[in-house]
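>>> sharing a model prediction with you, sequence too.
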There are 4 protein chains.
Amino acid sequence: MPQGPGFKYNRRVHFSETDMAGIVHFSTYFRYMEEAEHALWRAAGLRVENIEKTGGWPRVSATFDYKRPLRFDDEFEIAVRIGNVTRRSFRYDFTFTLGEELVGNGSIVAVCSSKDSGRLRAVDVPPEMIARLKSAAGQQED
Amino acid sequence: MPQGPGFKYNRRVHFSETDMAGIVHFSTYFRYMEEAEHALWRAAGLRVENIEKTGGWPRVSATFDYKRPLRFDDEFEIAVRIGNVTRRSFRYDFTFTLGEELVGNGSIVAVCSSKDSGRLRAVDVPPEMIARLKSAAGQQED
Amino acid sequence: MPQGPGFKYNRRVHFSETDMAGIVHFSTYFRYMEEAEHALWRAAGLRVENIEKTGGWPRVSATFDYKRPLRFDDEFEIAVRIGNVTRRSFRYDFTFTLGEELVGNGSIVAVCSSKDSGRLRAVDVPPEMIARLKSAAGQQED
Amino acid sequence: MPQGPGFKYNRRVHFSETDMAGIVHFSTYFRYMEEAEHALWRAAGLRVENIEKTGGWPRVSATFDYKRPLRFDDEFEIAVRIGNVTRRSFRYDFTFTLGEELVGNGSIVAVCSSKDSGRLRAVDVPPEMIARLKSAAGQQED
């Protein structure tokens, strides 16, 4: 788990995100993680619109561990940190809390890509981008 | 990875499941996995409606590894198998294929729960239920 | 209301489409209508993939009148018909039934568009396309 | 169209709300309308959690007229007003704007319901509730 407070993103649960079990559907947490990711991008001064041109940072993997459910109208917080960085991919780590309680932890591994004549191609992660994301997440440079 | 062919669930990608990158949004694969899970339940002759009374088999964790994207109108196949079974939880393993190509692998760990006076409580997984799910998935009993 | 039986599209309600009220969320019916629209396109032998190039047949309006709710695992039927056709747009009419019961009625007005240098522009509806859609919907030509 | 400025709800478009046409999917506007509805409830000091007990204010109808598309990251505004009120139902009217531009107009008619032994039953709309919603929307009492 990376150090530092992380970038904080606050969210309220919408009615349409619940299911008949009365709680937020488990697939919705993956949308929440992406929202927090893009909020971090904006905080880092990165042009999120470039996401489109680069093919949207295709995901290599995504995972979530559920500790307690979220319900309609809950106001919860997501802390985002930059985790492991490899040559062509890096990991976001997310911690969801509701007040003092842990809701769950998740992560997304995204690959840096470029669109060449309509096809996606993995390219090297720009070091400056990682530096800016880590800075916005309150993390020390390694 | 559990043995056996697995239960097969076929699906076509809907337009609303794509995003501006032109591919199926990464969160949608978690909905697809749940659809395949419920199709397996029906094939096993289990009453999916009981899911509601038991609190919807709350998820402990969910994960997906993406190998190649799905696009609008793609007709893909999901193979479901029952993976590791513990006293109060068990794992579904999913393999997504598009023709001969691997789309990705995922898993969901669900806990067996009971609603006592409105609160969820973890209870022992009924062995007969696992036997029926494995049988429907074409897996040998251990 | 246009005459004729309409094109029939069958669907089962997925768990993720329900909300905490225990019924299908009202926004989901608009996704169901689009699925039925695209099934009609396929039945008419029209290349749905062209939807992308034409900008996705942008919607001018969409409406739904709810008569009775759908619930998890319900197997319902949608009948689609081509309604009013104007020079640059046409209407789909949808009737949802669950067994003998009316679930609701809806409609979508779509405009025929073309992408010229990245911008959408309304163009005339191809008469042959309407003829093929009406034929697939079992409707007489006017 | 009801008079008055209406209650204002601000929203940013999330990536997962777009589709392969590069714009917000037309079904998503119905989720946006509901979000604005619930924000109005909170502003009116009404307990949104009661929505669950009353069966979620089932919708009689929902409609939207699209004027121009929304795209990823757009920050738009929704103005909500209370429209026609009948004995057992009332209408919300929504106007979506992006800066100075009109995005579209929509409405939702909701029926006041009560859960009696698990079944929904339409009941009279509480006059005080309408008064509070209209007040929060900056509308004069009739």
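Thanks, I have the structure now. Note that this is a predicted model, so its numbers are computed, not measured. Residues are numbered from 1 along each chain as shown, chains lettered A, B, ... in the order given.
>>> wait, residue A:30 touches residue A:64, no?
Yes: between residue A:30 and residue A:64 there is a contact under C-beta atoms under 8 Å: 6.7 Å. For every residue, glycine as well, the C-beta is placed using N, CA and C.
>>> find residues that contact each of those two.
Counting by C-beta atoms under 8 Å, 6 or more residues apart in numbering or on different chains, the shared contacts of residue A:30 and residue A:64 are residue A:106.
>>> next, count neighbours for residue A:94.
24 (other C-beta atoms under 10 Å in any protein chain shown).
>>> which ones are touching residue A:27?
Contact partners of residue A:27, counting by C-beta under 8 Å, 6+ apart, are B:27, B:28, B:30, B:31, B:34, B:62, C:16.
>>> quick check, the fifth one in a helix?
Yes: counting by DSSP: H, G, I helix; E, B strand; the rest coil, residue B:34 is located in a helix.
>>> ok, of the contacts of residue A:27, which one's closest to chain D?
residue B:27 (6.1 Å; C-beta to the nearest C-beta).
>>> secondary structure element for the residue nearest to the spatial centre of chain A?
Centroid-nearest residue in chain A: residue A:37, 3.5 Å away (criterion: C-alpha atoms, centre = their mean). Applying DSSP states H and E as the criterion places residue A:37 in helix A:28-43.
>>> tell me which residues of that helix are tucked away?
A:28-41, A:43 (16 or more other C-beta atoms under 10 Å in any protein chain shown).
>>> ok so, going back, turn the contacts of residue A:27 into a markdown table, including pLDDT.
Formatted as a markdown table, the contacts of residue A:27 follow (pLDDT from 0 to 100):
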| residue | pLDDT |
| --- | --- |
| B:27 | 98 |
| B:28 | 98 |
| B:30 | 98 |
| B:31 | 98 |
| B:34 | 97 |
| B:62 | 98 |
| C:16 | 97 |
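>>> nearest to residue C:120 among those residues?
residue B:28 (25.4 Å; C-beta to C-beta).
>>> spatially nearest residue to that closest one, not counting backbone neighbours?
Sequence neighbours aside, residue B:17 is the residue nearest to residue B:28 in space, at 4.7 Å (criterion: C-beta to C-beta, 6 or more residues apart in numbering or on different chains).
>>> OK, contacts around the one you found?
By C-beta under 8 Å, 6+ apart, the neighbours of residue B:17 are B:24, B:25, B:28, B:72.
>>> now intersect these with the helices, please.
If you go by DSSP state H, those have residue B:28 in helices.
>>> quick one, the helix or strand harbouring residue A:95 and helix A:28-43 angle?
Taking DSSP H and E as the criterion, residue A:95 maps to strand A:89-98. Orientation of strand A:89-98 against helix A:28-43 (axes from the mean of the first three to the mean of the last three C-alpha atoms, to 10 degrees) gives an angle of 110 degrees.
>>> could you dump the next helix or strand after strand A:89-98 to CSV, C-alpha only?
Once strand A:89-98 ends, the next helix or strand along the chain (criterion: DSSP H and E) is strand A:101-111. What follows is strand A:101-111, C-alpha atoms only, in CSV (Å, rounded to 0.1, in the frame of the first residue of the first chain):
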residue,chain,number,x,y,z
GLU,A,101,-15.8,3.0,8.8
LEU,A,102,-13.9,1.3,6.0
VAL,A,103,-16.2,0.5,3.0
GLY,A,104,-13.6,-1.3,1.0
ASN,A,105,-10.4,-1.2,-1.0
GLY,A,106,-9.9,-1.4,-4.7
SER,A,107,-7.3,-0.9,-7.4
ILE,A,108,-7.1,-0.3,-11.2
VAL,A,109,-4.1,-1.1,-13.4
ALA,A,110,-4.1,1.1,-16.5
VAL,A,111,-1.8,0.9,-19.4
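>>> quick one: name whatever helix or strand follows strand A:101-111.
Next along the chain after strand A:101-111, taking DSSP H and E as the criterion, comes strand A:113-116.
>>> give the contact list for the closest residue to residue A:87 other than its chain neighbours.
Of all residues not flanking residue A:87 in the chain, residue A:124 sits nearest, at 5.8 Å (C-beta to C-beta, 6+ apart). Applying C-beta under 8 Å, 6+ apart to residue A:124 gives the contacts A:87, A:88, A:112.
>>> again with residue A:59
Contacts of residue A:59 by C-beta under 8 Å, 6+ apart are A:108, A:109, A:110, A:111, B:26, B:66.
>>> how about a cut-off of 7 Å?
Contact analysis of residue A:59 by C-beta atoms under 7 Å, 6 or more residues apart in numbering or on different chains lists A:108, A:109, A:110, B:26, B:66.
>>> equivalent analysis for residue A:123, please.
For residue A:123, the contact set (C-beta under 7 Å, 6+ apart) comprises A:88, A:112, A:113, A:114.
>>> for PyMOL, what selects the buried ones among those?
Command for PyMOL that selects the buried part of the contacts of residue A:123, burial taken from 16+ other C-beta under 10 Å:
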select buried, chain A and resi 112+113
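>>> need the contacts of residue A:123 in a markdown table (columns: pLDDT).
Formatted as a markdown table, the contacts of residue A:123 follow (pLDDT from 0 to 100):
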| residue | pLDDT |
| --- | --- |
| A:88 | 93 |
| A:112 | 87 |
| A:113 | 83 |
| A:114 | 79 |
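>>> please save the CA atoms from the strand holding residue A:95 in CSV.
Below are the C-alpha coordinates for strand A:89-98, written out as CSV (Å, rounded to 0.1, in the frame of the first residue of the first chain):
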residue,chain,number,x,y,z
SER,A,89,1.4,0.7,-16.8
PHE,A,90,0.6,1.9,-13.3
ARG,A,91,-1.8,1.1,-10.5
TYR,A,92,-4.3,3.4,-8.7
ASP,A,93,-5.1,2.3,-5.2
PHE,A,94,-8.5,3.4,-3.7
THR,A,95,-9.7,3.4,-0.1
PHE,A,96,-13.4,4.0,0.4
THR,A,97,-14.6,5.2,3.9
LEU,A,98,-18.0,6.2,5.3
